[in-house]
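**Student:** okay, structure incoming, though there's no sequence with it:
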């Protein structure tokens, strides 16, 4: 692998990682929420969502407790709670434990069991016991984005969490789904986009979040330089030298604070940049490979497929349709 020297390109970002890094990552995080509907039921109800590689799921509870399963773990959501399930695998929601689940798509198709009114789907005719909003989130590069990879499978924002911006936005979501006015669906979608970005930022800035390294100036300096110049000829030794630490101390501290080994994080960031660059029509795979620090297209292609799951030539066709 070849690239530029890690010391020949000074960048002010290296001196102020707390001002730039999270902003840079969040700017590159492209999301597009798609509300499915507000489910109102007076009967025990369990629904399941099909796993999709580029879809996360959201749940927001208005009434009654909801049992959400994601990545094999169960979470109880109370009224006012919001959950973002990022793992693109089986996710389900139940109004009570132990009941069977049916595909959500099947529920929507059973019009004789469903009262459709805009965003509202009603099951049963008695007084409602449970109401919740659910939807999908298209996340470009869900499996490879370094910020998403650092987050837990499920982020839950509790009603009493004190996250005022999030709860103000969710209050608007509640209002829009109750009133059923023209344009409610796109408005709710964009409100949910903002909720999700707030939730991700809050977690990333928490003690256990991705940005915990911001309190470690040596590690922050290295992460900033990786972001500024991913195509440089990075090695564990050059990173440790930039941090002013021994290789073993640096590797341990980096993994502890960032959540990934140094070279693994470098690869994740390079592939994230590569996915974006592959959308530029006049750039060849070979040119993108060189830009992110690979001396040959074949070496880049192997790393790309290992990290992202498909060949880079295929990636330029996959990433665009994910966003409307």
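**Tutor:** Looks like it arrived, so ask away. Just so it is clear, the structure is predicted and the values come from calculations on it, not from any experiment.

**Student:** and the chain, split by domain according to the record?
**Tutor:** Split into domains by automatic domain parsing, the chain comes to 12-26+210-322, 30-204.

**Student:** next helix or strand past the one helix or strand residue 257 maps to?
**Tutor:** Using DSSP states H and E, residue 257 maps to helix 247-258. Heading C-terminal from helix 247-258, the first helix or strand you meet, by DSSP H and E, is helix 262-277.

**Student:** can you check what angle separates that next one from helix 247-258?
**Tutor:** 50 degrees (axes from the mean of the first three to the mean of the last three Cα atoms, to 10 degrees).

**Student:** and the first helix or strand past helix 262-277 going along the chain, what does it pack against?
**Tutor:** Using DSSP H and E, the next helix or strand after helix 262-277 towards the C-terminus is helix 285-291. Other elements packing on helix 285-291 under the criterion 3 or more Cβ pairs under 8 Å, 6 or more residues apart in numbering; DSSP states H and E are helix 262-277, helix 297-308, helix 312-318. To be clear about C-beta, it is placed using only N, CA and C from the backbone, and glycine gets the same treatment.

**Student:** so which of the ones you listed is nearest residue 230?
**Tutor:** Nearest to residue 230 among these is helix 262-277; the distance by Cβ to Cβ comes to 4.9 Å.

**Student:** got the contact list for the closest one?
**Tutor:** The contact list for helix 262-277 (Cβ atoms under 8 Å, 6 or more residues apart in numbering) reads 28, 140-141, 144-146, 149, 222-223, 226-227, 230-231, 234, 236, 239, 250-251, 254-255, 258, 260, 283, 288-289, 291-293, 300, 303-304, 307-308, 312, 315, 319.

**Student:** tabulate the domains of the chain (JSON lines), appending mean neighbour count.
**Tutor:** Formatted as JSON lines, the domains of the chain follow (neighbours: other Cβ atoms under 10 Å):
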{"stretch": "domain 12-26+210-322", "mean neighbour count": "18"}
{"stretch": "domain 30-204", "mean neighbour count": "17"}
